[in-house]
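show me the folded form of this:
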Amino acid sequence: GEWPLTLVGSAAELETARALLLPKGWKFEERHADDSAFWEGAASESGPDSAPLLRPNAFLASALRQVDLPEAGAAIDVGCGSGRDAVFLAQTLGDTWE
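Here you go, the predicted structure:
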């Protein structure tokens, strides 16, 4: 099974994400960005429930399949994890992408 997807943002950002993801069947938890209890107990990618290191996030993999990308460009993985999504992007997008 897939590990849980957690969305973090303001009330407006969560509403926008909900409108995009729910019709596509995505299940997720929501956390308000100002919820200090969430940040104090945030899980790391080194615990027993962590994602396999080089397996990309399922949402990223799915989203990438659904968009028409140009032949070349630049991509950035803004995250604090193991770099698994950056590796996935590099392998999937190929040499014409930075």
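
how about the strands of the protein, start to end?
6-9, 29-32 (DSSP state E).

now do the first one, average pLDDT.
For strand 6-9, mean pLDDT rounds to 82.

mind listing what it pairs with, with the direction of each?
Next to strand 6-9 in the sheet, as set by DSSP bridges, lie strand 29-32 (parallel).

quick one: average confidence on the strand it pairs with?
For strand 29-32, mean pLDDT is 85.

buried residues, that strand. List them.
By neighbour count with 16 or more other Cβ atoms under 10 Å, strand 29-32 contains the buried residues 30-31. Yep, even glycine has a C-beta here, placed from its N, CA and C like the rest.

neighbouring contacts of it?
Under the contact criterion Cβ atoms under 8 Å, 6 or more residues apart in numbering, strand 29-32 has outside partners 4-11, 14, 18, 38.

output it as PDB, nothing but the C-alphas.
This file holds the C-alpha atoms of strand 29-32, laid out as PDB (Å, rounded to 0.1, in the frame of the first residue of the first chain):
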ATOM      1  CA  GLU A  29      -5.000  14.100   5.400                       C
ATOM      2  CA  GLU A  30      -5.100  17.800   5.900                       C
ATOM      3  CA  ARG A  31      -3.000  19.900   8.200                       C
ATOM      4  CA  HIS A  32      -3.200  23.600   8.700                       C
END
